[in-house]
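Engineer: Next comes the sequence, and after it the predicted model I'd like to discuss.
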Amino acid sequence: METRIEDPRSTDVAALLQGHLDFCHSVTPPERVFALDVEKLRRLGVTLFGARESGELVGVAALKLLSPTHAELKSMHVISNHRGAGIGDRLIAHLVEFGRNSGIERISLETSPDPAFLPARRLYSKHGFAECGAFADYSAGPTSVFMSLVI
């Protein structure tokens, strides 16, 4: 398994990201979907990582800088036929190491309370993320769960 920085415009990366957006829109009201599209993932301060198995892209996750010491985990998605194989664990570990090496002291995230996101919330909790209040430009609401990890 290789984890590396990816270009969101790459064909396989863009397809996986579109699948992530489609999933988010299928279970969350449109005004509360905060997943980033390809263009937003290309912005300064956002680094997208891909997990590849024998060259095949099987998962992605991004870090978006909020300040010099605070980043947000964005666009985490593992393709369905590879879930449960530890790819999410590997992506989170990679993001935390990258963040720590970049001077990040806290990584936060916004996710959904919908049952479809329960495996993701369990994964985040397993890695030490704890529920917290809204951060950055988010506002609290019934369709958001906020979590944070001090690294």
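Structural biologist: Noted; the coordinates are in hand. Numbering: from 1, shown residues only.
Engineer: how about the strands in the chain?
Structural biologist: With DSSP state E as the criterion, the chain has strands at 2-5, 46-53, 56-67, 70-78, 106-111, 130-132, 145-150.
Engineer: Render the CA-only coordinates of the longest helix seen in the chain in CSV, please.
Structural biologist: Using DSSP state H, we find that the single longest helix of the chain is helix 11-27. What follows is helix 11-27, C-alpha atoms only, in CSV (Å, rounded to 0.1, in the frame of the first residue of the first chain):
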residue,chain,number,x,y,z
THR,A,11,-9.1,10.7,-13.8
ASP,A,12,-9.2,8.0,-11.1
VAL,A,13,-9.0,10.6,-8.3
ALA,A,14,-11.8,12.8,-9.7
ALA,A,15,-14.0,9.7,-10.2
LEU,A,16,-13.5,8.6,-6.6
LEU,A,17,-14.1,12.2,-5.3
GLN,A,18,-17.4,12.3,-7.4
GLY,A,19,-18.5,9.1,-5.8
HIS,A,20,-17.8,10.6,-2.4
LEU,A,21,-19.8,13.8,-3.2
ASP,A,22,-22.7,11.6,-4.6
PHE,A,23,-22.7,9.6,-1.4
CYS,A,24,-22.7,12.7,0.8
HIS,A,25,-25.6,14.2,-1.2
SER,A,26,-27.6,11.0,-0.9
VAL,A,27,-27.8,11.2,2.9
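Engineer: let's have the chain start at 745 instead
Structural biologist: Sure, I'll start numbering at 745, so the last one becomes helix 755-771.
Engineer: what's the offset of it from the middle of its chain?
Structural biologist: 12 Å (CA atoms, centre = their mean, to the nearest Å).
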